[in-house]
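Visitor: I would like the atomic coordinates for the input below:
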Amino acid sequence: MVLSRAHTMEAVKNNFQCATCRKRVKEICSGHYIREAQLAAILLDDLRR
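Guide: All right, here's what the predicted structure looks like:
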């Protein structure tokens with residue numbers, strides 16, 4: 001996963017995108033990503049458990 005920064009100063013719009021898809025290899029990988037804020041929430045939840 002590779003961090004893709006938004007063109008704004010809002011960190012809420014940043015996301016992590018699949019590196020394979022980012023290299024434009026669409027036959028191997030569909031375009032999937034996860035927002036930075038969602039990932040942070042998931043990690044915090046796991047750490048709390």
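
Visitor: list the buried residues of the lowest-mean-pLDDT helix or strand in the chain.
Guide: The weakest-scoring helix or strand in the chain, judged by mean pLDDT, DSSP states H and E, is helix 19-22 (a mean of 74). Going by neighbour count (16 or more other C-beta atoms under 10 Å), the buried part of helix 19-22 is Cys21. C-beta: built from backbone N, CA, C; applies to glycine.

Visitor: continuing past it, what's the next helix or strand?
Guide: Heading C-terminal from helix 19-22, the first helix or strand you meet, by DSSP states H and E, is strand 33-35.

Visitor: from the contact counts, what lies against the next helix or strand after that next one?
Guide: Toward the C-terminus, strand 33-35 is succeeded by helix 36-48 as the next helix or strand (DSSP H and E). Secondary-structure packing of helix 36-48 (3 or more C-beta pairs under 8 Å, 6 or more residues apart in numbering; DSSP states H and E): strand 15-17.

Visitor: got the buried residues for the strand it packs on?
Guide: Asn15, Phe16.

Visitor: with stretch 38-49 instead?
Guide: Neighbour counts over stretch 38-49 (16+ other C-beta under 10 Å) mark Leu39 as buried.
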